[in-house]
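J.: The following comprises the amino acid sequence and a computationally predicted model.
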Amino acid sequence: MIGAGPAGLTAAFELAQTGLNPLVLEASPHIGGISRTHLWGANRIDIGGHRFFTKSADVQRLWAEMMDEPMLQVPRLSRIFYRDKFYQYPLQIPNTVGNLGLFESFLMFASYVRMRLQPELPEDSFQSWVRNRFGDRLYRTFFKTYTEKVWGIPCTEIRADWAAQRIHGLSFFTAVLNALRNSGKVKSLIKTFDYPRLGPGMLWESCARKIEKLGGRVVTNARATRIHHESGRATAVEVEHEGKTHTLRCGEVISSMPISTLVKNLSPAAPPMVLEAACGLRYRDFLIVALTCRKPDIFPDNWIYIHSPEVRVGRIQNFRNWSPDMVAEGTGTVLGMEYFCSRGDDLWTKSDADLVELAKSEISNLGLAEKSDLGLEGHVIRELNAYPVYDAEYRPHVDSLRAYFHGFSNLQTVGRNGMHRYNNQDHSMLAGHHAALRLLGRPELDPWEVNTERSYYEEQVLSSDKKHSATEILASEKAPPSPKEEISNLKSQI
Ligand SMILES: Cc1cc2nc3c(=O)[nH]c(=O)nc-3n(C[C@H](O)[C@H](O)[C@H](O)COP(=O)(O)OP(=O)(O)OC[C@H]3O[C@@H](n4cnc5c(N)ncnc54)[C@H](O)[C@@H]3O)c2cc1C
């Protein structure tokens, strides 16, 4: 397995349980990939705030097997901050209309009607997709600024796929209906989500320990630098570890490193067309500035989306509201100021001291914290390749790479950057799970079919109660569930 993030560790966990001895190579010193928990003294920083949510019974099972203690049930509150006002999220009619004013609300509705009568065609960009469903004014208020902060490119250059994947099933009318339903019922806004007591890294560190207990190995500071191949088979992986290069012969490879790097690391080199596709993929980077705050109850949200265009910060996490155990004793809370950026740009290249200063002045300018309540020190974590970019060209590039890797019989590429797909942890886990089972003789389980579209994903939920864990698959060896079992499975789902 290349990469000790959710995809690589899930694949290794499933394989280790069948008696195999998987080896996981991790380039960084950390376990968990983007889903790790970073230590800053006795404070714990989540790289973005990872909500645990899944519709897959397989992923639920894996979480329970990997963790040593039950997850917390965390009440959720996240609001949008725009032009000095908080908007409940999901929207509530009195709050939204109160903030916008009657006249602006009317203009929003009129703009929605106009777009319905004269939709923007072709509907191929994020902008056209959202405007056609919500109208131009609502798009500008609630979608444009934040989305452009995240991606660093105009919404006209972001593919409609991303909107379809993230905002699927929502339109102006469903938003208003939801808002009407929510109005006056503040409780219904505060849903809960699962969260490990010590952050997401707790799950992945526990998973790595279990893999090792079962006879596998997870090696950090081990970067895969070259993949040798012959006749459609990976034959060896070169690894840099502690200043030396090792060549490891391999039977099967599951890679979660960025697919573009994987292509560039192949030996012999991939065909020029494939290399060209790999070079065409783009990533968005991310950094989080952690600040301590003397006051524990600075705001009640887990996180706040900052739509205000006058500041660079995109989102603010309040880690005490995720789990009090994330915060060191004697500290009120730890805030995570999230900045979306691209390596080499003015944010990425700022010194840590300047970023801490920027974060402090932005949070106080927004009126969300007094500078005098913030600790002197801050801490910066930079994350390369945090987001695979869905720009106008990414789709044909990804299709070419997918087709090329289908030509390999023992090399599978999985995960968020491994498939250049906007995955949550559960999608990456399912991709790793599918790759492990495919390797064990289930060719119908294709990691590339995870998180393609909602309808497929919902089918997954139904089918996942079938025997899908690696050990169960081996034990049952293709004995399909009887129709009676199928029906009882379905009944238990219902
Ligand atoms: C800001 C932010 C917020 C998020 N919030 C949520 C959330 O609320 N809920 C949720 O479920 N998901 C969330 N996610 C998504 C989640 O972080 C990812 O889906 C998940 O971590 C992807 O797992 P992965 O294994 O595919 O990739 P990664 O986590 O990227 O892991 C890949 C690993 O491969 C390693 N690697 C790369 N190259 C090499 C190499 N050459 N050799 C060896 N190792 C290598 C990397 O160091 C890394 O550890 C969020 C992501 C971000 C950026």
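T.: That came through, no problem.
J.: how far is stretch 96-106 from where the chain is centred?
T.: Relative to its parent chain, stretch 96-106 has a centroid offset of 33 Å by CA atoms, centre = their mean, to the nearest Å.
J.: Which positions within it qualify as buried?
T.: If you call a residue buried by 16 or more other CB atoms under 10 Å, then stretch 96-106 has these buried ones: 96-97, 99-100, 105. C-beta here means a position set from N, CA and C on the backbone, and glycine is covered the same way.
J.: Farthest-apart pair in these, please.
T.: Asn99 and Ser105 (9.3 Å; CB to CB).
J.: Check the buried residues of stretch 96-106 against the ligand and report the nearest one.
T.: Comparing the buried residues of stretch 96-106 against the ligand with CB to the nearest ligand atom places Thr96 closest, at 24.2 Å.
J.: all helices for the stretch 201-350 of the chain, in order.
T.: Taking DSSP state H, counting those that start in this stretch, the helices of the stretch 201-350 of the chain run over residues 259-264, 272-279.
J.: Need the nearest residue in space to the residue nearest to the spatial centre of the chain, chain neighbours excluded.
T.: The C-alpha lying nearest the average C-alpha coordinate of the chain belongs to Asn424 (CA atoms, centre = their mean; 3.6 Å). Leaving out its chain neighbours, the residue that sits closest to Asn424 by CB to CB, 6 or more residues apart in numbering is Phe53, at 7.5 Å.
J.: Relative to Gln60, how far out is that neighbour?
T.: Distance of Phe53 to Gln60, computed by CB to CB, to the nearest Å: 10 Å.
J.: Let me know whether stretch 138-147 sits next to the ligand.
T.: No - counting by CB under 6 Å from any ligand atom, the ligand is not contacted by stretch 138-147; separation bottoms out at 13.0 Å.
J.: quick check: mean pLDDT across that stretch?
T.: For stretch 138-147, mean pLDDT is 88.
J.: what about that stretch, distance to the chain center?
T.: Between the centre of stretch 138-147 and the centre of its chain there are 21 Å (CA atoms, centre = their mean).
J.: Close to the ligand: what parts of the protein are there?
T.: Proximity of the chain to the ligand is confined to 2-8, 25-28, 33-35, 48-51, 223-224, 256-257, 286, 386, 415-418, 423-426, 428 under the rule CB under 6 Å from any ligand atom.
J.: Just the buried subset of the residues you listed, written out for PyMOL, thanks.
T.: PyMOL command restricting those to the buried ones, with burial defined by 16+ other CB under 10 Å:
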select buried, resi 2+3+4+5+6+7+8+25+26+27+33+34+35+48+49+50+51+223+224+256+257+286+386+415+416+417+418+423+424+425+426+428
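J.: So which of the residues of the chain next to the ligand are in helices?
T.: 6-8, 425-426, 428 (DSSP state H).
J.: give the contact list for the single nearest residue of the stretch 201-350 of the chain relative to the ligand.
T.: Proximity of the stretch 201-350 of the chain to the ligand (CB to the nearest ligand atom) peaks at Met257, 3.3 Å away. Contacts of Met257 were listed using CB atoms under 8 Å, 6 or more residues apart in numbering, and they are 2-3, 27, 224, 417-418.
J.: Can you lay out those as TSV showing distance to Ile306 and pLDDT?
T.: Listed next are those as TSV, based on distance: CB to CB, whole Å; pLDDT from 0 to 100:
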residue	distance to Ile306	pLDDT
Ile2	35	98
Gly3	31	98
Ala27	32	98
Ala224	37	98
Asn417	26	98
Gly418	30	98
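J.: can you list contacts of stretch 217-231?
T.: For stretch 217-231, the surrounding residues in contact (CB under 8 Å, 6+ apart) are 2, 4, 9, 12, 21-31, 208, 211-212, 234-242, 245, 247, 253, 255, 257, 262, 265-268, 408, 411.
J.: Sort out for me which of the residues you listed are in strands.
T.: 23-25, 234-241, 245, 247, 253, 255, 266-267, 411 (DSSP state E).
J.: now for the lengthiest strand in the chain, which elements pack on it?
T.: Ranked by residue count, the top strand of the chain under DSSP E comes out as strand 374-388. If you count contacts as 3 or more CB pairs under 8 Å, 6 or more residues apart in numbering; DSSP states H and E, strand 374-388 packs onto strand 43-46, strand 283-293, helix 352-365.
J.: List the strands paired with that strand, with their directions.
T.: Strand pairing for strand 374-388, using DSSP bridges, gives strand 283-293 (antiparallel).
J.: Just checking the distance from the partner strand to the centre of its chain.
T.: 15 Å.
J.: ok so, going back, now do the longest strand of the chain against helix 352-365, angle only.
T.: Strand 374-388 and helix 352-365 are oriented at 100 degrees to each other (axes from the mean of the first three to the mean of the last three CA atoms, to 10 degrees).
J.: got the CA coordinates for the following helix or strand past strand 374-388 in CSV?
T.: As assigned by DSSP states H and E, the chain's next helix or strand after strand 374-388 is helix 394-406. Only the C-alpha atoms of helix 394-406 are listed here, as CSV (Å, rounded to 0.1, in the frame of the first residue of the first chain):
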residue,chain,number,x,y,z
TYR,A,394,-9.7,17.4,-15.5
ARG,A,395,-12.4,15.0,-16.7
PRO,A,396,-10.7,13.7,-19.9
HIS,A,397,-7.4,13.6,-18.1
VAL,A,398,-8.8,11.4,-15.3
ASP,A,399,-10.6,9.2,-17.9
SER,A,400,-7.3,8.6,-19.8
LEU,A,401,-5.4,7.8,-16.6
ARG,A,402,-8.2,5.4,-15.4
ALA,A,403,-8.1,3.6,-18.7
TYR,A,404,-4.3,3.4,-18.6
PHE,A,405,-4.2,1.9,-15.1
HIS,A,406,-6.9,-0.6,-16.0
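J.: Please identify the buried residues of helix 394-406?
T.: Going by neighbour count (16+ other CB under 10 Å), the buried part of helix 394-406 is 394, 397-398, 400-402, 404-405.
J.: Phe109 belongs to a helix?
T.: Yes - Phe109: assigned to a helix according to DSSP: H, G, I helix; E, B strand; the rest coil.
J.: And it, how far from Val97?
T.: Phe109 is 11 Å from Val97, by CB to CB.
J.: Arg209 too?
T.: Distance, Arg209 to Val97, using CB to CB: 52 Å.
J.: Let's see the PyMOL selection covering just the buried ones among the contacts of stretch 217-231.
T.: To isolate the buried ones among these in PyMOL, judged by 16+ other CB under 10 Å, type:
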select buried, resi 2+4+9+12+22+23+24+25+26+27+30+31+208+211+234+235+236+237+238+239+240+253+255+257+262+265+266+408+411
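J.: List the residue ranges of this structure that fall below the pLDDT cut-off.
T.: Applying pLDDT under 70 to the chain flags residues 165-190, 453-494.
J.: For the nearest residue to Arg315 once chain neighbours are set aside, name its beta-bridge partners.
T.: Counting by CB to CB, 6+ apart, Arg315 lies nearest to Glu338, which is 4.3 Å off, once chain neighbours are set aside. For Glu338, the beta-bridge partners are Ile288, Arg315 (DSSP bridges).
J.: Enumerate every residue touching Glu338.
T.: Per CB under 8 Å, 6+ apart, neighbours of Glu338: 48, 286-288, 313-317.
J.: and these as a markdown table, adding distance to Asn302?
T.: Listed next are those as a markdown table, based on distance: CB to CB, whole Å:
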| residue | distance to Asn302 |
| --- | --- |
| Gly48 | 12 |
| Phe286 | 18 |
| Leu287 | 20 |
| Ile288 | 15 |
| Val313 | 16 |
| Gly314 | 15 |
| Arg315 | 10 |
| Ile316 | 10 |
| Gln317 | 7 |
